[in-house]
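**Q** Structure for the following, please:
(chains A, B, C and D)
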Amino acid sequence: MSESFEPNIVAFLCNWCSYAGADLAGTSRVQYPANINVIRVMCSGRVNPLFVMNALQQGADGVLVSGCHPGDCHYMEGNFYARRRLGMLKDLMEFVGIDPRRFHMSWVSASEGHKWKEVVQKTVDDAREAGPFQGFRRRQIDW
Amino acid sequence: MSAMLLNKDQWSAFVGKLAGEKKVWAPVKRGDIMRFEPLEEGAVPSLDFANTTVPPKTVVFPQTETLYRYRIGQAELAVPVLEGEAVLLGVRPCDARAMSIVQKLFRWDVDDPYYLKRREAATLVGLACSAPGTNCFCTSVGGGPASTEGLDLLMTDLGESYLLEALTDKGKALLEAAQDLLQEAPAGAVQEKEKVVGAAEKAIARSVDTTGIPQGLPGLWEHPLWQRTAAGCLGCGTCTFLCPTCHCFDIQDEVEGFEGRRCRMWDSCMFAEYTLHASGHNPRPTRRERTRNRINHKYNYFVQKFDVIACVGCGRCVNLCPVNIDLVEILRQVKEAL
Amino acid sequence: MDLEKLRKTAAEIVSRDDVKYLIGWRPGSFGYRVSPCFVQDAAGAEELIFSPLCASNLATYLTLVEKLPVPRGEEPDRRKVALLVKGCDSRAVVQLLVEKGIEREQVILVGLPCRGVVDLNLLQQKYPEGLEKGELSWQEGGFQLIRNGETATIPREEILAEKCRLCRYPNPVLSDVTIGDPVEPWETEADRGVEELEQKSVEERWDYWEEQFSKCIRCYSCRNACPLCYCDDCILDRLNPIWINRAVNFSENTAFHLARAFHLGGRCAECGECERACPMNIPLGKLNRKLAKEVREKYGYEAGVDPEAKPFLASYNPNDPEEFIL
Amino acid sequence: MTEKPKLGVYICHCGINIASTVDVEAVTEFAKGLPNVIVARNYAYMCSDPGQLLIKNDIKEEGVNRVVVASCSPRMHEPTFRKALQEAGLNPFFLEMANIREHCSWVHGDREEATAKARRLVAAAVAKVRQLEPLEEREVDAEPAALVIGGGIAGIQAALDIADAGFKVYLVEKTPSVGGRMAQLDKTFPTLDCSACILTPKMVDTASHPNIQLMTYSEVEEVSGYIGNFDVKVRKKARYVDFDKCTGCGECAAACRMANRIPNEFDAGMGKRSAIYLPFPQAVPAKYTIDPENCLYLTRGKCGKGPKCAEVCRAGAINFEQQDEIVEFKVGAIVVATGFDVFEARKKPEYGYADYPNVITGLEMERLVSASGPTGGQIKIKVEDEEIVPKEIAFIQCVGSRDKSVGNEYCSRVCCMYTAKQAHLVKDKIPDANVRVYYMDVRAFGKGFEEFYDRVRREGIHYIRGNPSEIFKRGSKLVIKVEDTLTATPMEDEVDLVVLAVGLEPRQDVRKIIDLLRLSQSPDLFFLEAHPKLRPVDTATDGVFLAGCCQGPKDIPDTVAQAKGAASSAMIPLARGKVKIGAQVATVNENTCRGCGFCVEICPYSAIELVAVNRFGHPVQVARVNEALCKGCGSCSAGCLSDSIQPKSFRDRQILPQIAALGVMR
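**A** All right, here's what the predicted structure looks like:
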C-alpha cells in the first residue's frame, strides 16, 4: 500500500458518552489523526447497521461506531441493542470478505478523552493497513 | 461472398480476427449461468450452449445506463460518450429477432438515441439452433432455429465446421475481414444446414397455436384464468428481466453527496411500483392485473401497434420462473377460453 | 406418503365456511416442476401432491396477497387460509407469528413431516431428460424415480437439497393437523458451504462474493420468495431516503444483498427459498445460514421455533458477546 | 410545500482557537460553493451578540431559512444558536452545527489537514441541514404534587421543603416509622449535636404538615407516566393495628408473648423487641405495627388462648383481618431518597465479625453509646459471660470501603469522622480506656473535620497507620495483627473491643427502584445522576430526582443540601404547572408500519404501543409514539426493518446525506 494513503473514516458517536468523550479530548488538546469524521447521533442504538454499509459504499475506508459502556447508556439499553446488531453486521461483513479492519465498535465514556484518541488511532491505523476501500464503492462502478 | 465455411480448428483465429477490430461480446459461463460479456483478450468463447441465461439485449440495452451527470445547484450536464462498434458472437436467432422487434418500439414516436446508436454499432453474429432447449417454442411465434431476422451473419454448426451466411452488408464485411480463414461453402453445405435445422425444428417440444389470441385477449379481460395464474406469482422480475423483448425502463436520479446522475434502468411490469402513482393509487393493484398486462402487452398491444407478437419463444420465462408460471400454459388456457 | 389422507383432509378443510382456500402443491407444467396451487373446493384437493419435489415454502403466500381497499360498507374477507407446511415452512410461520405478521387464528396449518426435498439442479444434472413427467418419491435411504415406466433409485446424498442436509426440524414445529408419522431427525453435518468459505481468506471470500453478486439482475425473486420479507414497502425500493440505488451494478447489488441478509438476521427460517428462486443461482442461502449459525452459536437464539419468543433483533442480553469491541 | 432551502453557513474563529489551525477563509469560500448556500461568513466569535446578529440579520434580510454554524461542540452552544434562530423568527430546529473546534482545531495540529476536515464537516452539516424539518416543543399540564420515596433525613427534608412551598407531597417509607439511619445515630460529627434532638422535630413535622400525606410501612408498587404526570401505586402494608384507634400506649408490646425475643432492627440487632412493636420510642407515627413474620398468631394462626395484644388493647385497635391496601395517586415529580445499607462485615472474614461478639460494627457502636440504645448508653461487653467495661479499644477504618477485594472502590466519606466521633465518645465515657484507630488515610475534608480530628488526637486517641490483616482470639483478648506502615513495624495488638468502621453500600433491594423508575447505576452501584457535575440531583428519567445516600455516600449536611436541591428541582415543573415535551421525538409512518412490534419491545421508556387502525378497510396494527415519554434516542428506528419509525432531526434521510457528504469529500 502506498505510504501516502490516508483513509477516510466515518464515525457514529452517541451524544452522551462518546461524543462528549471526543469533546473532552478536544478540551484536553489531545492530538489524534484528522482522518476521522464524526456524525453525532443521540445513542449508539440509533445507528442502523445499514449506515455502516452505506458509508463504505459511499466512500469511507473505515467506519467506527462508539457508544457508552454497557450499563452506562443514557437511554439505559441502546448500546446493548447496538452491540447485538453491529456484532451481527460484523460477522456478515467478514463473511462476504470485507476486511474486518474496516469496521470497529468501541465504548468510550464522556471521561475517556484519552481512550477516544486510542480508538481513533487504532481505527485509522487499521484502515490504513487495509488500504483504500475498493470493494463495492459506488463511484468505482459505472458512475 | 455470402456463404462461407469455417473449419472449427480456425475458430479461435476467427474470433481473434474479430476481436482485433471491434469489441467482441460473447456468451461467458459464470458458474451455472451464462451471459454475454466482452471477450477478454485471447479468450475463445465456447458455442456449446442452448441459450444464455441472460439475453444479449444487455449489450444494446444495458440494465443500467447513465444519461448524464450533474452537480446539484449547477447547470452543466456531462453526457457520457457511447462506446464504438461491437460484434455480438453467438446470438441465438430468437434473441436477434427480439432485437428487431424491440427496435420497432425504440424507433416509434421518438427515436431513442441511446438504444439506436448502440444497435447500429452492433454486428450480430447468429448461431442457428441444433438442439433446442426444453421450453423453446419459437416456431409457434414466427421464428425458427435458423431465423435470420435481425442478424447480420448466421452460423450453423455442421459438425467439423461452421457454415457462415452473410445476411447484411455488415455481415459481409465481417466475412471479408476474415477472408483468409474461410473457404467458399460447397453446395452440399446449405443442404446439410437444412437438415440440421429441420431436425432442430422437430426437436422443439412445446408449441401453441397463437392464431386468434391477439384478437381474443381483450374479451378475456375479466376471465378467472388471470387470477388463477397470478395466485402463485411472487411478483419478481425474473420473467421480464430475462425476456429478450421486454424493454421497459425507469428513469431515476441517483445522488451521492452533492453530485448526481440521471440514469435509466430496466423496469418490470411485474413490480408493484411499476404503475404506482405518486398519489398512492395503483391502477394495477395486484399480481392479477400485472400478469394480465404481461401477456396482453406481448400478445395484444404490441401486435396492434406493430403487427408482431412481442414474444420470440425463447422459453426463458418458463425455465426460470421459481414458481412454474408457464407462458405456454397460459396461452393454452387463453386459447381454450376464447 | 399418504396422499389420499392429505387430499381428504384438504377437501374437508376447504369445504368449511370459514376457510378461504388451502395452499398446497400440484404437479408442474414440465420436467420436475411443481406448482403452488390454491385449492378452493373439495374437487381441487385431488390435484394436491406431496413429494421430494415440493421444495417451495408456501408460507410466502400468507403475506404476499395484496390488501385492496375494502369498498365502503363491506367487511374485509377474514376467512382463514389453510397451508401445507413442512418443518422449515412451519418455522417461517412461527417467525411470522413472533413478528405479528399474521394472526394464529387466521391460518390452519396442515403439517407434513418431511424427509428432505431435492435440489432440482442436482436432479436435472443427473437425469437431464426430465421432460417426461416422472414421479419422485421417498424411499429408504434416498429417492425413487419412476420415468417412462423405469424405476431408478437415487441415493439420498446425491440430490438432497443443501438446506435439508442441515435441517434440524424435519417435523413441523407448529401445526393444526399432521399427516404422516413424525420423521426421525437425522444427524446433520456441518454446513459445508458456509464452512468452506469461512476457512478462506478475507480476499478469497471477497472474490467469491464479487463474482456471485455481479451476476445479480435484481429481479427481487429472493426477496419476494422469502416468507419473511413481507414489508409492504421495502426500504430497498424506497426513493426517500434512497438506501440503495436502483442501478444494477456490483456496488448496488452488494449493498442490496448485505441489507437483505442483515434484515433476515435472527429471523431466517432457513427454508432456502431465496437461493432456490434465484434465476442467477447466487448461493444466497449461505449468507442467511451464516447469520443463523452465528445467532445460534453466539447468542443462543433460534428463529421460528417458539411463537412466544421475543424477536432477536428486538431484544438483547447484557452478556451478549463483545470481543469485537475495542 | 416546504420552502426551497436557503442556507447560511457561519464559520467561527473562536478567537484563535479555531482560526489558528483552520483556514476559516478557505472554509468560508468552500461553503459558498455548496448547494443551496446563499451566504457564508466567518466571524471572531459567533456565539457573541454581534456574531448572533450576523445570523439574525441574514435570516431577516437575505431570507436565510437554514443555518449551519461551524464552531464548537453542539453540546456547548446548540441552545445558544437555536435561540438566535428563534429570535429571528426561524424555527430553531433549522440549525445544524459542525464541530470544528473540539473535534478539529483542538485535536489536529496540521493546518492543511484540519482545514480539509473542517470542509468535510461543514459539507456534512450542509447536507443534513437541507433535510431538516421544523419542530415544535409542546407543553402539557403538570400535576402539582410530588412523591418522595424514603423517610430518612433526605426524604424528610425534601418532603418538608416541597410541602412548605405549597405542593402536595406523598412521603412513602418502607418501615413503620420515618427517621431512617439518622435516627439510629447518637451524636453527629463534628459538632456532637444529639442526632435525635435535631431530627425528631422534623419527623413530627412530616406527620403534622397539612400538605404531606405520610405513608409509612408502605412501598411504591408501580410508577408509570412521565414528568408532570406520573401515576403512582403504593402498597400500604397491613399493620394489623387500626391506625386511627392506636394510641401508642405500648401495652400490647409489653404483653406480647414474643416480647424481648426478636432482634430489634433499630438497635442493629443488639436489642430485642416484641412482635407488635414501635421501632423506637420517638417513632413517627407513634403507632404500633405487628411484624407478620414473627407474630405467633399470624404465622401459626394461634397465640395461646388468644392474642395477648388484642386482649390488652383498650382502644380495640388490633385487627388481624387487615389487608394490604393499594393507594393510587398522581404526581408531577418524584424524589428518590432510599438511603443506604452498611457494609456487611462478614464479607471480611479475617476480621472475625461473625466469630467474635466483641468485634462490632460502627453502627452497632452507635447504638451502644446511645442513651436510647440497648445498654442505655453504657459501653459494656461480655467476656466469658462476664460483663466488663472494655479498656483496650481499637477502631479499624475502611472496612468495605476503598477495597477492591469486596468490590467497593469508593471512599464512604463518613467513616473517618464517625470513627473519630465514636473514639471521642468512648474516651468520654471510659476516660481510662486506651483507644487507637487503625487507618489507611484520614480524610478530614469537611467543615470542621480537620479541627475535630485534631481535637480527638489531642484527647489521647492513637492513630496508627496500618491495615490489619487478621483478628484472632488469644485467651480473653482479641489480637489484631497489623503492620504499622509508618515505622514498618509488624505488631500484634491485644484489645477488648474492636469496632469496624464499615462503609456505606447501596440498598440490597436497589433493583426494585431501578425497575420502577428506569434509573441507572454508576459503577459503585449507587444511583446514577444525570450529570456528575452539573445535574447531580437529576436522573436520566425526567422528573425523577435523587437525594441523600442512594446517590452515593455522604454525611448529614451534604444529604440535607442535596435533599433541598432535589426538592427545589422537583418543584420546577410543579411551580410552572407545565412541562415541556421534547421536539426531537420518534414518529411513525403508519402507512408503511407493519405492526411487528419490534420498536415496542426495544423502547426503554415504554413510549411506543401498537394501536389498531383501519387501512383502507383492513384492521391493522401500527406503532404509535407517546411523545411525552419518548426521549428521541432512536433505538427503535435502527431496529425497524421497514424504517417506519424515525427520530425527528435524526431521520435516515437526514443522516444518509451526511454520510454521503463525508464520503464524497475525501
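
**Q** Could you list the residues in contact with stretch B:278-295?
**A** Residues outside stretch B:278-295 that contact it (CB atoms under 8 Å, 6 or more residues apart in numbering or on different chains): B:217, B:221, B:226-227, B:229-231, B:233, B:235, B:239-240, B:269-272, B:274-277, B:325, B:327, B:330-331, B:334, C:66, C:68. C-beta here means a position set from N, CA and C on the backbone, and glycine is covered the same way.

**Q** Next, the buried residues of stretch C:52-71.
**A** Within stretch C:52-71, the residues that qualify as buried are C:52-64, counting by 16 or more other CB atoms under 10 Å in any protein chain shown.

**Q** Turn these into TSV, including pLDDT and secondary structure.
**A** TSV is the format used below for the buried residues of stretch C:52-71 (pLDDT from 0 to 100; DSSP: H, G, I helix; E, B strand; the rest coil):
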residue	pLDDT	secondary structure
C:52	94	coil
C:53	93	coil
C:54	95	coil
C:55	95	coil
C:56	95	coil
C:57	96	coil
C:58	97	coil
C:59	97	coil
C:60	96	helix
C:61	96	helix
C:62	95	helix
C:63	93	helix
C:64	93	helix
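
**Q** Walking through chain C, point out its strands one by one.
**A** For chain C, strands defined by DSSP state E occupy the ranges C:19-27, C:34-39, C:80-85, C:107-111, C:135-139, C:142-147, C:150-155, C:177-178.

**Q** any residue of the first one up close to chain D?
**A** No - against chain D, strand C:19-27 shows no contacts by CB under 8 Å from any CB of the partner chain, the least distance being 14.5 Å.

**Q** other SSEs contacting that strand?
**A** In terms of contacts (3 or more CB pairs under 8 Å, 6 or more residues apart in numbering or on different chains; DSSP states H and E), strand C:19-27 is packed against helix C:3-15, strand C:34-39, strand C:80-85, strand C:107-111.

**Q** which parts of stretch D:398-406 are buried?
**A** Buried positions in stretch D:398-406, judged by neighbour count with 16+ other CB under 10 Å: D:398, D:399, D:400, D:401, D:402, D:403.

**Q** Need the per-residue pLDDT for the residue nearest to the third one when sequence neighbours are not counted.
**A** In this case it means residue D:400. Excluding the flanking residues, the one nearest residue D:400 by CB to CB, 6 or more residues apart in numbering or on different chains is residue D:343, at 2.9 Å. pLDDT for residue D:343: 96.

**Q** And for residue C:130?
**A** 61.

**Q** Check the secondary structure at residue 19 for me.
**A** This is for chain A. Of the three states, residue A:19 takes helix according to DSSP: H, G, I helix; E, B strand; the rest coil.

**Q** Would you state the helices of the stretch 151-300 of chain B in chain order?
**A** In the stretch 151-300 of chain B, the segments counted as helices under DSSP state H, counting those that start in this stretch are B:169-177, B:187-203, B:213-216, B:224-231, B:238-241, B:287-296.

**Q** downstream neighbour of the last one in the secondary structure list?
**A** What that stands for is helix B:287-296. From helix B:287-296 onward toward the C-terminus, using DSSP states H and E, the following helix or strand is helix B:302-306.
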